[in-house]
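Trainee: predicted structure and sequence below. I'll ask about it afterward.
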Amino acid sequence: MEKQVDVVIVGGGISGLTAAYHLHKKDPSLRVCVLEAKDRVGGRTLTVPLKSKNGTDYWDLGGQWVSTSQKDIMNLIKELGLETYPQYHSGRKFTQVESAKVKSSRTDVPPLSVFALADLSSLNSKLNKLGKEIDSNDPYRSKKAKELDSKSVHTLFKESLWTDGAFKFMEVAIRTAIGLEPSQMSALFFLSGVGSAGGVEAVFGMNESDAQGLKVKGGTQQISQIMANKVGIENVLLDHPVEDVTQDEKGIRIKCVNGVTVCCERAILAMPPTATSKISFNPPLSRERLEIERWIMKGNTTKVIITYQEAFWRSHGQSGEALTYGGPTDVAGCDVGPLSGVMDASTPSGNPALVMFVAADQAIQWSKQDAEVRKGAVLRSLTDIFGPEAENCLDYIEQDWSNEPFIDGAIAGVATGGMKYYASGLRQPQGRLHFAGTESAIDWSAYMSGGVQAGVRAATEILYHLRPDTISDQELLGTACVSSYRPKHN
Ligand SMILES: Cc1cc2nc3c(=O)[nH]c(=O)nc-3n(C[C@H](O)[C@H](O)[C@H](O)COP(=O)(O)OP(=O)(O)OC[C@H]3O[C@@H](n4cnc5c(N)ncnc54)[C@H](O)[C@@H]3O)c2cc1C
């Protein structure tokens, strides 16, 4: 079967559907077709029902938090008629980072020694200063780029910190946030994220302007579902994995595994760069693109949601937060327990829950265990931290993103030494082919907001060719059609 449209978008996650929605808003007469490999839209956002105190409620197993400083996703959420609510974070916090001993704070400050807290504060200042100096359009153009790309985040922290407590705290924070060990990741990659977010506090914090500040009522998968409905559900073809993209001077032919071929003028790839490598391209993708694909690593993250009858932690004056290296375990094949970070996940309808992550090396080790063994270990670790009430859950669900077909991982990071072709390889159009997906974003790359920004940018590039009168000079300025990179802080 062969179909002809104006634009094909490969990937029905937030980024691809933002591109489709943007094209549709600019000119509803444009024939747009989204080809999605899975049987659902949303990609790395997935909202599921769980048994809860007041019946059934909904939780996010993928992307969850947004923030007032993420203007691209916040504007979209508002436009789609969705609402946000704040992350609960008041009360005592737990850490289990330096040893198996669980420490609890009396205030909102993490329970670390005064020396470790002072050490963390000076590290934050240093990271913020370095982050500010990085050009988020192309981090490799920055003054200290080569030096920073040649060291891992682990080395950067070792050079900067003098207390074991602060170092171990940061190690766990990185694991939880990205799903990679600090020793695997380029310091330049990490610092470009810090710079584009506006500081370390914004990356790890939980105030409304921080990356963990707000959640979407009813879940984030709705964002993609609503956009799919707006572009016309008949234009979003599920179960259509793309296997071949061939372009020449006349157009592009996109072939799916199920035999369907769609021909078009221009196309957008809106998927993780690691998934792009499974498609054959004729002519082949540029050397820069192939090079950066080899340096991008998908983080290992299993996300767990547990629902409860009561938010017992809140009644004990606790925030529900814990950072742990995993604690001890007697399960063979696992060095430490499964958990790294835990937070309150109660919904605005009053249904108590905790969300937690099994991340990086721990995720790999624990993925080899039976689901029941893993669940037992998660509940045991929670009980060690929060007390016996943590064991009496109503519902339990986990999602290992490394096993998710067509996604193969959660958040992407760049390996030490791999940043040279980050911007040009991920963002530069190749003939009739354009690139979206959160990894290609300038601001908040790896987050949903980056996915939205990249989707709008790629759609604008296409409008420049197919409907130039629908875009302003200002809109065009952010695209790779005018120059490869946007002027900084434009
Ligand atoms: C556990 C977890 C927690 C996260 N937490 C947050 C958070 O709190 N806040 C935040 O902002 N972000 C978070 N993220 C990241 C966020 O979810 C992503 O940045 C965002 O959803 C990426 O959107 P995307 O459209 O770029 O890519 P994706 O969502 O990965 O969409 C790509 C789509 O392409 C499809 N595809 C792949 N290959 C093919 C093919 N060959 N043919 C057709 N289709 C194909 C895939 O099936 C997928 O649907 C989290 C992610 C995970 C996994």
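Mentor: Alright, I've got the coordinates.

Trainee: now find how far off-centre stretch 141-153 is within its chain.
Mentor: A distance of 23 Å separates the centroid of the chain from that of stretch 141-153, by C-alpha atoms, centre = their mean, to the nearest Å.

Trainee: one more: stretch 381-401?
Mentor: With C-alpha atoms, centre = their mean as the basis, stretch 381-401 stands 23 Å off its chain's centre.

Trainee: avg pLDDT for that stretch?
Mentor: What stretch 381-401 shows for mean pLDDT is 97.

Trainee: mind listing what's buried along it?
Mentor: For stretch 381-401, the neighbour count (16 or more other C-beta atoms under 10 Å) marks 381-382, 384-386, 389-390, 393, 395, 397-401 as buried. (Glycine included, C-beta is placed from N, CA and C.)

Trainee: swap in stretch 252-259?
Mentor: Using 16+ other C-beta under 10 Å as the test for burial, stretch 252-259 gives 252, 253, 254, 255, 256.

Trainee: closest one of the residues you listed to the ligand?
Mentor: Nearest to the ligand among those is residue 256, at 7.3 Å by C-beta to the nearest ligand atom.

Trainee: residue contacts, the nearest residue to that closest one once chain neighbours are set aside?
Mentor: Nearest non-adjacent residue to residue 256, counting by C-beta to C-beta, 6 or more residues apart in numbering: residue 240, 4.5 Å away. Listed by C-beta atoms under 8 Å, 6 or more residues apart in numbering, the contact partners of residue 240 are 35, 36, 37, 256, 257, 258, 260.

Trainee: what pLDDT, on average, does stretch 462-481 get?
Mentor: Averaging pLDDT along stretch 462-481 gives 86.

Trainee: who touches that stretch?
Mentor: 6-7, 19, 23, 26-27, 30, 265-266, 268, 427-429, 434, 442, 457, 460-461, 482, 486-487, 490.

Trainee: still on that earlier bit, of all the buried residues of stretch 252-259, which comes closest to residue 46?
Mentor: Nearest to residue 46, judged by C-beta to C-beta, of those is residue 256 at 22.4 Å.

Trainee: surely the closest one and residue 242 touch.
Mentor: Yes - assessed by C-beta atoms under 8 Å, residue 256 is found in contact with residue 242 at 5.5 Å.

Trainee: can you check which residues contact both of those two?
Mentor: Applying C-beta under 8 Å, 6+ apart, one finds that residue 256 and residue 242 are jointly contacted by residue 35.

Trainee: the buried residues of stretch 381-401: which two are farthest apart?
Mentor: Maximum pairwise distance in the buried residues of stretch 381-401, criterion C-beta to C-beta, is 28.8 Å, between 389 and 401.

Trainee: and the pLDDT for the residue lying closest to residue 69 once chain neighbours are set aside?
Mentor: Spatial nearest neighbour of residue 69, excluding adjacent residues (C-beta to C-beta, 6+ apart): residue 209 at 4.6 Å. Looking at residue 209, its pLDDT reads 94.

Trainee: in contact with residue 209, which residues?
Mentor: Taking C-beta under 8 Å, 6+ apart as the criterion, residue 209 is in contact with 67, 68, 69, 202.

Trainee: tell me which of these fall in helices.
Mentor: Among the contacts of residue 209, DSSP state H puts residue 202 in helices.

Trainee: confirm that residue 117 sits in a helix.
Mentor: Yes - checked against DSSP: H, G, I helix; E, B strand; the rest coil, residue 117 lies within a helix.

Trainee: that one contacts residue 109, doesn't it?
Mentor: Yes - Residue 117 is within contact range of residue 109, at 6.8 Å (criterion: C-beta under 8 Å).

Trainee: neighbour-wise, which of these two wins?
Mentor: Taking neighbours as other C-beta atoms under 10 Å, residue 117 and residue 109 compare with residue 117 leading, 16 against 10.

Trainee: for residue 436, see how far away the more buried one is.
Mentor: 41 Å (C-beta to C-beta, to the nearest Å).

Trainee: cool, and residue 269?
Mentor: Residue 269 sits 7 Å away from residue 436, going by C-beta to C-beta.

Trainee: do the same with residue 108
Mentor: Residue 108 sits 38 Å away from residue 436, going by C-beta to C-beta.

Trainee: which of those two has more neighbours?
Mentor: Neighbour comparison, residue 108 and residue 436: the larger count goes to residue 436, with 33 against 13 (by other C-beta under 10 Å).

Trainee: cross-check the contact I'm expecting between the more buried one and residue 455.
Mentor: Yes - between residue 436 and residue 455 a contact is recorded at 4.8 Å, counting by C-beta under 8 Å.

Trainee: quote the end-to-end distance of stretch 444-453.
Mentor: With C-alpha to C-alpha, to the nearest Å as the measure, stretch 444-453 spans 9 Å from end to end.

Trainee: and it with the ligand, contact?
Mentor: Yes - against the ligand, stretch 444-453 shows contacts by C-beta under 6 Å from any ligand atom at 446, 447, 448, 449, 451.

Trainee: including secondary structure, could those go into CSV?
Mentor: Putting these into CSV (three-state DSSP) gives the following:
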residue, secondary structure
446, coil
447, coil
448, helix
449, helix
451, helix
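
Trainee: which one (most neighbours) among those?
Mentor: Neighbour tally across these (other C-beta under 10 Å): the maximum, 36 neighbours, falls on residue 451.

Trainee: would you mind listing what in the protein touches the ligand?
Mentor: 10-16, 35-38, 43-45, 62-65, 241-242, 270-272, 275, 279, 301, 303, 401, 406-407, 410-411, 437-438, 446-449, 451.

Trainee: what do you get if the cut-off is 5 Å, keeping everything else the same?
Mentor: Listed as neighbours of the ligand in the chain under the rule C-beta under 5 Å from any ligand atom: 10-11, 13-15, 37-38, 43-45, 62-65, 241-242, 271, 275, 301, 303, 401, 406, 410, 437-438, 447-448, 451.

Trainee: can you pull out the strands in the stretch 251-400 of the chain?
Mentor: 252-256, 261-264, 266-269, 280-282, 296-298, 301-307, 318-324, 341-344, 353-359, 395-400 (DSSP state E, counting those that start in this stretch).

Trainee: no further queries at this time; thank you.
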